[in-house]
Every structure is written in C-alpha cells, then in structure tokens.
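Participant: Next input, structure requested:
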Amino acid sequence: MTLHRVSYDVNALATELLPLLKAQSRIDRTDEDAQATEIMARVIGRVERQCGICIAPQVYEWTPRAGTGTNYSERMPPNYWREMAIPVRGFSEVTGVDNGGLPVTITLHGDVDQLRFGPVWVGRDPSGVQPADVFTIKAGYETTEEIPPELRDTLVRYGASLWEYREAWGANVDTMPEWVTEALGIFWVPGV
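Facilitator: Numbers count the residues shown, from 1 in each chain. Next up is the predicted model:
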C-alpha cells in the first residue's frame, strides 16, 4: 500500500478561523494577526496529530495494492479484493482510476457522516480492486462553516488558550490540554 499526501493547506483554514479566535480572545487590533494565525495553524496541526483526523484541506493519492498484492486492511479473503479500508479519517470524497487512467465505479460502506471519521470501506465493482487502481482522497475542510460545531468550538477555544499563554515557556507548554482531548472524544472511533 502507498499513501502520499499531495497537497496540504493549513494556513488557509487558520486564516478562516482567525475572526473566531479574535472574537473568543477579545482581540480588536490587527497588528498581531500573523501570530494569531500561526497559533491557529499550530492548533489544527496538533489536533490532527493527536486525533488522527484531517481538518485542514488536503488531498491524498492512495494505491491500496501497490505491487505487493496484499494489504492488512482487506475486508474479504485473498483473491476477492472487493473492499478495502480507507486509510484516511475525515475525508469528504474518494475517486479512483484504473491502470489505463479510466475512472472506476466505487461504493463506500461504513460511516455515513458528511465527513467520514469512522471506518469506511471502498468497494470496486465488478472486478474488484486491482493492483494498479489509484484513488484520490479529498479530506479536511475548506471553510469554517463546513467544520462541525463541536470541532470548530474546540479549535477556537484551544487557540484562545494558546493565545493567552503565548509567551509562556517551559514544561508542558506544547502538551495538548486534557480538556481538548476530552472535547474531541466524540471524533474518536475505536479500531475494530
């Protein structure tokens, strides 16, 4: 299996979240917008790493059976290759092409939310997933309106906390607070 992130734009979403951070932190000037935007970018990156979900807009290129013919996440026994677990959480769209560059028809099974956070399986019919199939996975959020309210609120509050203590230095400054982890628990999906 190969999975490559071909684009990632954390700064665009951080800039989108800046007005919410400024309102939460009661910042009414613009001379520190660059620093506040950087704090929001750090928040997004930390939450993505901690929770294993995509928040900033990003695109992945995924080849499930890159030359090996095996994959630990295959749902069916060998020689069927009809469904495989998508290795990205927080995606919005999956498209695929075969070795000739022709689009493949796929079906998704599993988590049915608008942005899928739980286990999702991609199925390719009629001939199953082939070694040369390449899938493009679009993940994350383009605008603040697309972000679920619980996630948006947690990001902004965490950003406001980092803004308040932006000059602090020492142990645990870069550790995600427990309240953030608890608030984001709704996006945790057990691996089965």
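Participant: List the contacts of the nearest residue to Ala56 once chain neighbours are set aside.
Facilitator: Leaving aside its sequence neighbours, Ala56 sits nearest to Val10 (Cβ to Cβ, 6 or more residues apart in numbering; 4.1 Å). To be clear about C-beta, it is placed using only N, CA and C from the backbone, and glycine gets the same treatment. By Cβ atoms under 8 Å, 6 or more residues apart in numbering, the contact set of Val10 is 41, 44-45, 56.
Participant: What residues sit buried inside stretch 150-166?
Facilitator: By 16 or more other Cβ atoms under 10 Å, the buried positions in stretch 150-166 come out as 151-152, 154-163.
Participant: can you tell me which of the contacts of Val10 are in helices?
Facilitator: If you go by DSSP state H, the contacts of Val10 have 41, 44-45 in helices.
Participant: Top of these by number of neighbours, please.
Facilitator: Of all the ones in helices among the contacts of Val10, Ile44 has the most neighbours under the rule other Cβ atoms under 10 Å, reaching 23 neighbours.
Participant: That residue and Gln58 touch, don't they?
Facilitator: No - with contact defined as Cβ atoms under 8 Å, Ile44 does not count as touching Gln58 (10.9 Å).
Participant: quick check, nearest of the contacts of Val10 to Leu184?
Facilitator: Ile44 (12.2 Å; Cβ to Cβ).
Participant: Contacts only, for that closest one.
Facilitator: Here Ile44 is in contact with 10, 13-14, 17, 55-56, 155 (Cβ under 8 Å, 6+ apart).
Participant: looking at this, Glu137 is in a strand?
Facilitator: In this structure residue 137 is Ile, not Glu. Yes - judged by DSSP: H, G, I helix; E, B strand; the rest coil, Ile137 forms part of a strand.
Participant: show me the contacts for the residue most central in space within the chain.
Facilitator: Taking Cα atoms, centre = their mean, the centroid of the chain lies closest to Cys54, which sits 1.0 Å from it. Applying Cβ under 8 Å, 6+ apart to Cys54 gives the contacts 48, 88-91, 139-140.
Participant: Gly45 versus that one, what's the distance?
Facilitator: As for Cys54, its distance to Gly45 is 11 Å (criterion: Cβ to Cβ, to the nearest Å).
Participant: What's the per-residue pLDDT of the closest residue to Ile39 other than its chain neighbours here?
Facilitator: Leaving aside its sequence neighbours, Ile39 sits nearest to Leu162 (Cβ to Cβ, 6+ apart; 4.9 Å). As summarised for this prediction, Leu162 has a pLDDT of 90.
Participant: helix, strand or coil for Leu162?
Facilitator: helix.
Participant: what's near enough to touch it?
Facilitator: 39, 42-43.
Participant: Kindly reformat the residues you listed as JSON lines containing distance to Ile106 and neighbour count.
Facilitator: Shown next, in JSON lines, are the contacts of Leu162 (distance: Cβ to Cβ, whole Å; neighbours: other Cβ atoms under 10 Å):
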{"residue": "Ile39", "distance to Ile106": "39", "neighbour count": "23"}
{"residue": "Arg42", "distance to Ile106": "35", "neighbour count": "16"}
{"residue": "Val43", "distance to Ile106": "33", "neighbour count": "27"}
